[in-house]
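J.: Need coordinates for the below:
(2 chains)
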Amino acid sequence: MSEITKKGTSRREFLKNTGRIAATSALAAGIIPRIYAAENNTIKVALIGCGGRGTGAASEALSVKNGPTKLVAMADVFENRLAGSYKGLKEQHAEQVDVPEDRRFVGFDGYKKAMDCLNAGDVAIFATPPAFRWVHFTYAIQKGINVFMEKPITVDGPSTRKFLKLAEESIKKNLKVGVGLMVRHCRGRQQLYDRIKSGEIGDIVMLRAYRMGGRAATTGPKPGNRSELLYQVQRFHSFLWASGGMYSDYYIHQIDECSWMKGVWPTEAHAIGGRHYRGDSVDQNFDNYSVEYTYPDGTKLFYYGRNMEGCQGGFSSYAHGTKGAAVISTSAHTPGKVRTYKGHKMEKADLIWAFPQPEQSPYQLEWDDLIDAIRQNKPYNEAERGAIASLVSSMGRMAAHTGQIITYDQVLNCEQEFAPDVDKLTMSSPAPLQAGPDGKYPLPQPGILKSREY
Amino acid sequence: MLLPNRFRYSVKQVCNKQGLNLPDGSQGLNRVFKYVALFAIGVSSFVVLRRMDVACRGSSRTAPTPKGYTEIVTSKNGEKFSFEMVAVPGGTFVMGSPQNEPCRKGDEGPQHEVRVAPFYICTTETTLELFLAYYEETMSAKKEFTAAEEARKEAEQSRNDVDAITGPTPVYGDLTMGYGKKSPAIGMTWHNAMTFCRWLSGKTGRKYRLPTEAEWEYTCRAGSTGGSRTAPTCFGNDPNQLKDYVWYKADSDGGPHEVARKKPNGWGLYDMLGNVREWVYDFYSPTTYTEIAKQSPAVNPTGPKSGEVHVARGGAYDSSIEELRCAARAFEEKWWRMNDPQIPKSKWWFPQMDFIGFRVATSIDPNDKSIGNQNNRKD
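T.: Now for the predicted structure:
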């Protein structure tokens, strides 16, 4: 990888300078005070879902260099998560965190109260479990509020159908909507996309991606004195209704980035998977998935996911074309270290191009881009794309869980909605997933349940 | 001066200084080099001991130093991993860099005398395969619903009970970052490296720990004196041999490499400079040496009593030569967490930071209270 030249800039200097450069170019473009807002140009932010990722996203919202932002409201169903998040943000961004106790809302209706603290044109962050996205998005559209929402944004066919309609409405209202598929904002991937499109590696004939690491998304039985609903919300990766499961949450990035490079969404999926070492865990996930996605031209994306210690690890994506190959992700999402090669062995001697290192954080870039779009009133709406990325993730998962080939239309029109009444939940509601007569949560049964995942 | 012009020129470029005055090679380096050559012939175990013996003349010597040993760790599923521990003789050395050293930074001085007791140190950086064994046996997700609270309490009561150690939270993605089993373990926080040492101590019955910053520099210098420019202190008289010893910016291909694939330094230690930075025990302070220089010599110093971040020594695969000096100091920086999208940031991992690792040490004197019990230190 010596092709990744550092060009004399140390990573430290680079990162120090990044913010300064962004600020300079924003100033040069003269965009800061001109477009946004009447009496002052501060964009207000509300954080809905105060876990680790939501708190991280809020921190990035407060770190943009293209004009002032301020956190004014927070909501979560767990008081302790909200308190921890507030503390963490206050420590890092004291001046920009203005969330007195009466703007911290605990409960399933907290999202409304938090968005009521914003004005049209401000930004709400949705970082609750994905099940609640369509509920929260409905309210944001009603209020004219811009949104940054974490991925995935739907968990099954029916929630995707709802979301696609909402996406249309949000475009009509000129809302700016960012979806946390941050790789789309990675400058290296953007250049790679252009290079692939220009034919640098020929026509893509195959893609492959790996997400292989240790045990994950397991959960033990509910502690006796606990609300089952809150237990499932907290352990959302374990339950399909809440998150789409580990499959959707973990694999969506690479399914999305591969399909982006291919230039089209897959139309069907054929998959296998199983639970080898789940032990006493009561989650609904498999611990290995092997998926063949098919694109309209018949080419394939092979996706391999495994969560077992002691096995070969891997967290990378590749495209193979008629004239060469490309690395889309080297290890995890960032730094991407994208590069292209003349051959499929991807040897150093065959290198065509590599994006120079070091790279900026795409988690920050996706915020810089969203705030820039809001301030400059550029068209910017990732809701539809995010919904389809979520849907094709569900398509592969459903193929593995049912043991059937699942087409795009089948998953989109699937009747099973994991949690249809998620908009009506209160602290005392029963959990959307109930244990069977044996006291265990239902699991996928490939070949037995063919049109439902459990 | 024995440095060819080409090398001088590149150093000059990096340092952007005129009139470089690179220090001369130290005494005894011809002998070191001879033994390095012997090593290449393949008489390894015999040579390591002889080389130690020869290379140490010149630094003050104390009691006879015991031989090194091979440690063998058996994982729960029966896999065996081994690594070599070299006995480092006790002695006194001058720590830090002289004021006229090219590319020197202020925190490397003042130079001061340090006396260190004999200790063992691993010839290599801790490998991924061994670190994976630790991860697999201790990772916290395994214990999350097997009476996690009890496990934690037990761990506090008996820190050497290897089964009671609650290790790292699941890493985001792939711990190996795509590197091979013999590559150095990477991306762990200091706390994580310390927890590994506790685990290793429980597995082996020997009290493993991180080397102190003084021990690390003493080992890196391998008995040589004078400036801390890489070439004259570690690699014989010919600085063109840098690439024979060090994975660094110019030859690393942008990532760490398998441990011990280049030549060892005078005391048989591989990759002390380059490849990955190595955690040491000490907290970082820019004024550590100002304080410690008040004692002369300082005896087994362990750094400031408190601090925010810890020291990581030796530079890495992405270092340019100014960082590849025995005296150069680095420390944990905020941007090491930039790929962690969560707040609070992980206590265990720096996601995708493949330049930070560590090697283990252990005291020879089992009664050494000064540094032998540091695994209990809170971070």
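J.: from here on, contacts and neighbour counts on C-alpha atoms
T.: Will do.
J.: The stretch 301-450 of chain A: helices as residue ranges?
T.: A:362-376, A:383-402, A:408-412 (DSSP state H, counting those that start in this stretch).
J.: Need the contact partners of the last one.
T.: Yep, that's helix A:408-412 we're talking about. Residues from elsewhere that reach helix A:408-412, judged by Cα atoms under 8 Å, 6 or more residues apart in numbering or on different chains: A:156-158, A:160-161, A:266-268, A:391-392, A:394-395, A:398.
J.: want to throw these into JSON lines with neighbour count?
T.: Below are the contacts of helix A:408-412 laid out as JSON lines (neighbours: other Cα atoms under 10 Å in any protein chain shown):
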{"residue": "A:Asp156", "neighbour count": "33"}
{"residue": "A:Gly157", "neighbour count": "27"}
{"residue": "A:Pro158", "neighbour count": "20"}
{"residue": "A:Thr160", "neighbour count": "26"}
{"residue": "A:Arg161", "neighbour count": "17"}
{"residue": "A:Pro266", "neighbour count": "27"}
{"residue": "A:Thr267", "neighbour count": "18"}
{"residue": "A:Glu268", "neighbour count": "22"}
{"residue": "A:Leu391", "neighbour count": "28"}
{"residue": "A:Val392", "neighbour count": "29"}
{"residue": "A:Ser394", "neighbour count": "29"}
{"residue": "A:Met395", "neighbour count": "30"}
{"residue": "A:Met398", "neighbour count": "30"}
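J.: Looking at the residues you listed, which two lie furthest apart in space?
T.: A:Pro158 and A:Pro266 (18.7 Å; Cα to Cα).
J.: can you tell me the residue of the stretch 151-300 of chain B closest to chain A?
T.: Across the stretch 151-300 of chain B, the shortest distance to chain A (Cα to the nearest Cα) belongs to B:Asp253, at 3.6 Å.
J.: For burial, what's the neighbour tally of that residue?
T.: For B:Asp253, the neighbour count with other Cα atoms under 10 Å in any protein chain shown is 18.
J.: if we can go back for a sec, between the helices of the stretch 301-450 of chain A, which gets nearest to A:Ala419?
T.: Of the helices of the stretch 301-450 of chain A, nearest to A:Ala419 by Cα to Cα is helix A:383-402, at 14.7 Å.
J.: Which residues of the stretch 201-350 of chain B lie near chain A?
T.: Applying Cα under 8 Å from any Cα of the partner chain, we find that the stretch 201-350 of chain B lies next to chain A at B:Asp251, B:Ser252, B:Asp253, B:Gly254, B:Gly255, B:Trp335, B:Met338, B:Asn339, B:Pro341, B:Gln342, B:Ile343, B:Pro344.
J.: which residue sits closest to the first one, ignoring its sequence neighbours?
T.: Translated: B:Asp251. Excluding its sequence neighbours, the residue lying closest to B:Asp251 (Cα to Cα, 6 or more residues apart in numbering or on different chains) is B:Lys243, at 7.1 Å.
J.: I'd guessed A:Gly188 sits against A:Val338; true?
T.: Yes. With contact defined as Cα atoms under 8 Å, A:Gly188 counts as touching A:Val338 (6.3 Å).
J.: Which neighbours do these two have in common?
T.: A:Phe355.
J.: So which of the contacts of helix A:408-412 is the closest to chain B?
T.: Distance to chain B, by Cα to the nearest Cα, is smallest for A:Ser394 among these, at 20.4 Å.
J.: roughly how far apart are the nearest residue to that closest one once chain neighbours are set aside and A:Ala387?
T.: Spatial nearest neighbour of A:Ser394, chain neighbours left out: A:Asp156 (5.9 Å); criterion: Cα to Cα, 6+ apart. From A:Asp156 across to A:Ala387, the span is 10 Å (Cα to Cα, to the nearest Å).
J.: Give me the longest helix you can find in chain B.
T.: Among the elements of chain B assigned as helix by DSSP state H, the one spanning the most residues is helix B:190-204.
J.: Which residues does the helix or strand just after it contact?
T.: Next helix or strand after helix B:190-204 toward the C-terminus (DSSP states H and E): helix B:213-221. By Cα under 8 Å, 6+ apart, the residues outside helix B:213-221 that reach it are B:88, B:93, B:95, B:114, B:116, B:228, B:233-234, B:265, B:267, B:269, B:272-273, B:280-282, B:300-303, B:311, B:313, B:326-327.
J.: Which of those fall in strands?
T.: B:Val88, B:Phe93, B:Met95, B:Val114, B:Val116, B:Val280, B:Tyr281, B:Asp282, B:Val311, B:Arg313 (DSSP state E).
J.: So what's the residue count around the nearest residue to A:Gly110 once chain neighbours are set aside?
T.: Nearest non-adjacent residue to A:Gly110, counting by Cα to Cα, 6+ apart: A:Ala75, 5.1 Å away. Neighbourhood size, A:Ala75 [other Cα under 10 Å]: 28.
J.: Also A:Arg187?
T.: Neighbours of A:Arg187 under the rule other Cα under 10 Å: 18.
J.: Local confidence estimate at it?
T.: Looking at A:Arg187, its pLDDT is 98.
J.: Pull up the gap between it and chain B, please.
T.: Distance from A:Arg187 to chain B, counting by Cα to the nearest Cα, to the nearest Å: 15 Å.
J.: Equivalent analysis for A:Ala325, please.
T.: Counting by Cα to the nearest Cα, the gap from A:Ala325 to chain B is 18 Å.
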